[in-house]
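# no FASTA, just this:
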């Protein structure tokens, strides 16, 4: 399945039935696609743009009222913001790890 189907919890239309609602207030990508075990051998398979496209689809289909990311640094955050803006989707949040 594509990004939207995975975001829905599988194939088909609408949010997963277990949520009991038509949409969620915020849908986030939890972690950038930075774990690339074969990068040392010159093989990378980064899929950030596919994840952002999935967020945009969920936003436009009304499955998510807002979209955001988590654990993004400034460079990747700027890329994501620009990518979503081209699709007319505001980036609502960047949840970062913080300890006091």
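Perfect, thanks for sending it. Remember, predicted model here, so these are calculated numbers, not experimental data. Numbers count the residues shown, from 1 in each chain.

# mind listing what residue 81 touches?
Residues counted as contacts of residue 81 (CB atoms under 8 Å, 6 or more residues apart in numbering) are residue 91. From N, CA and C alone the C-beta is placed, and that goes for glycine too.

# SS state for it?
helix (DSSP: H, G, I helix; E, B strand; the rest coil).

# repeat for residue 28
strand.

# how far away is it from residue 98?
16 Å (CB to CB, to the nearest Å).

# which one of the two is surrounded by more residues?
residue 28 (18 against 5; other CB atoms under 10 Å).

# spatially nearest residue to that one (excluding sequence neighbours)?
Using CB to CB, 6 or more residues apart in numbering and skipping the chain neighbours, the partner closest in space to residue 28 is residue 68 (4.5 Å).

# which strands and helices sit next to the helix or strand hosting the one you found?
Secondary structure assignment for residue 68, by DSSP states H and E: strand 67-70. Applying 3 or more CB pairs under 8 Å, 6 or more residues apart in numbering; DSSP states H and E, one finds that strand 67-70 makes contact with strand 27-29, helix 48-60, helix 74-86, strand 91-95.
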